[in-house]
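A.B. asks: this one's sequence-less:
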């Protein structure tokens, strides 16, 4: 799905992760979040809007609000598997910017999906999944 690729590319392209000005991972995480939040909300299509990002336990969490889709679709195994496969392809690429991103969020990514302000599903990606 195009919007997931864009979110990963946006987060991974923050070259400031590799800046020597920041000594602590937490400071780097907060900088990345601040930069992404400046661009929010990002409407990807008629159904999907990226509304927030956060760092929780060294995981970059993306919050998506959906409109015009039903809860069953978002919760379906097929939908979540599609997101997982597409995200893994992007996340597991060997790339210096993406590697810097992974170092600063070493526990991976989570995509949280909301409908009417209620979280209905999420997909998590861990770095260890790239080794499979």
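C.D. replies: Nice, thanks for sending it over. All figures in this text were calculated on a predicted structure; none of them were measured in a lab.

A.B. asks: pLDDT weak spots in this protein?
C.D. replies: 1-24, 132 (pLDDT under 70).

A.B. asks: Helices along that one, start to end?
C.D. replies: 2-12, 25-38, 71-75, 77-91, 96-104 (DSSP state H).

A.B. asks: For residue 119, find the nearest of the ones you listed.
C.D. replies: When these are compared by CB to CB, helix 71-75 sits nearest residue 119, at 9.8 Å. Any C-beta I mention is one placed from the backbone N, CA and C, and that applies to glycine too.

A.B. asks: For that closest one, which helices and strands make contact with it?
C.D. replies: Helix 71-75 makes packing contacts with strand 109-115, strand 118-125 when contacts are defined by 3 or more CB pairs under 8 Å, 6 or more residues apart in numbering; DSSP states H and E.

A.B. asks: hang on, the earlier thing: for residue 131, which of the helices of the chain is the nearest?
C.D. replies: Minimum separation from residue 131 across the helices of the chain (CB to CB) falls at helix 77-91, 11.1 Å.

A.B. asks: Name the residues of the closest one that are buried.
C.D. replies: 79, 80, 83, 84, 87, 90, 91 (16 or more other CB atoms under 10 Å).

A.B. asks: ok so, going back, from the helices and strands packed on helix 71-75, which stretch is densest packed?
C.D. replies: Using mean count of other CB atoms under 10 Å, the stretch among the helices and strands packed on helix 71-75 with the largest mean neighbour count is strand 109-115, at a mean of 21.

A.B. asks: Off-centre distance for it?
C.D. replies: Relative to its chain's centre, strand 109-115 lies at 8 Å (CA atoms, centre = their mean, to the nearest Å).

A.B. asks: Hmm, residue 57 is touching residue 106, no?
C.D. replies: No - between residue 57 and residue 106 no contact is recorded; they are 9.9 Å apart, counting by CB atoms under 8 Å.

A.B. asks: Name the residue in these two with the higher neighbour count.
C.D. replies: The neighbour comparison of residue 57 against residue 106 (other CB atoms under 10 Å) goes to residue 106, with 13 against 10.
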